[in-house]
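K.L.:
Got a predicted model here, sequence first, then my questions.
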Amino acid sequence: HNLSLHTQSELLPMLLCTSLPTMLANKIITTISRTKILSSPPHILTKSRTMVTTQRIGTDDPRMSRIVIHNNIVYISGQTDGTTSDIKNQTANVLKKVDDLLAQANTDKSKLLTASIWLKDISRDFKEMNDVWNGWIDPNNKPVRATVEANMAREQLLIEVQVTAATE
C-alpha cells in the first residue's frame with residue numbers, strides 16, 4: 001500500500017469515511033494530538049485506498065446473481081445438473097457450466113482459488129466424482145477444495161459445485 005502523511009484537519013474526514021463511529025474517530029485524533037513523537041500539527045501515516053468495484057452478471061434470477069466479480073475475484077453461484085442420473089455425467093455437465101461462467105467473467109479454471117462441492121451421497125459418489133474432477137482441473141493450478149455430503153434441493157441432483165477465481 002502507498003503511505004502518505006496527513007494533518008489533523010485532513011484526518012477526521014478520512015477516519016469518518018472508514019465507517020468508524022464519530023466518537024472513536026475523535027478519540028484517535030485526540031490520542032494522536034497528545035503523542036510527542038509526532039510533529040505539530042499532528043500527522044499520521046495512512047494507507048491509500050483502492051477503488052472497490054463490484055459487477056453482477058446473470059441477474060435475471062430473482063434470488064441471486066450467477067456471477068459476482070468483486071475487486072478482481074470472481075464468485076459463481078452453485079452449479080447443478082439434473083439432466084442425467086449418474087454422478088460422472090452430472091459432474092461433467094456441472095464443470096462445463098463452471099467453465100462457461102468463468103469464461104463470461106473473463107477468467108478460467110487455471111485461476112481458481114476455492115472450490116466447494118456438495119454430494120448427495122459421498123460414500124457412493126466421491127470416487128467417481130473425483131475421477132471427473134481430476135480430469136478437468138488444471139494440475140498446475142489446483143484450488144483449495146472442500147467436499148461434503150448434503151441434502152440437495154431437488155431429488156435428481158447428485159452434485160453441486162461453487163468456485164471462486166481470480167481475474168488476473
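P.N.:
Yep, it's here.

K.L.:
residue boundaries of the strands in this structure?
P.N.:
3-7, 43-47, 54-57, 67-70, 73-76, 112-119, 144-149, 159-166 (DSSP state E).

K.L.:
Now do the second one, average pLDDT.
P.N.:
Read it as strand 43-47. Strand 43-47 shows an average pLDDT of 50 in the prediction.

K.L.:
Could you pull up the residues touching N141?
P.N.:
109-112 (CB atoms under 8 Å, 6 or more residues apart in numbering). For glycine as for every other residue, the C-beta is placed from the backbone atoms N, C-alpha and C.

K.L.:
and it, how far is that from P62?
P.N.:
35 Å (CB to CB, to the nearest Å).

K.L.:
And I122, by the same measure?
P.N.:
I122 is 31 Å from P62, by CB to CB.

K.L.:
still on that earlier bit, please convert the strands of the chain to JSON lines, extending it with distance to K96 and mean neighbour count.
P.N.:
Output for these, formatted as JSON lines (distance: least, CB to CB, whole Å; neighbours: other CB atoms under 10 Å):
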{"stretch": "strand 3-7", "distance to K96": "46", "mean neighbour count": "11"}
{"stretch": "strand 43-47", "distance to K96": "42", "mean neighbour count": "14"}
{"stretch": "strand 54-57", "distance to K96": "18", "mean neighbour count": "12"}
{"stretch": "strand 67-70", "distance to K96": "16", "mean neighbour count": "18"}
{"stretch": "strand 73-76", "distance to K96": "13", "mean neighbour count": "21"}
{"stretch": "strand 112-119", "distance to K96": "15", "mean neighbour count": "19"}
{"stretch": "strand 144-149", "distance to K96": "18", "mean neighbour count": "12"}
{"stretch": "strand 159-166", "distance to K96": "11", "mean neighbour count": "20"}
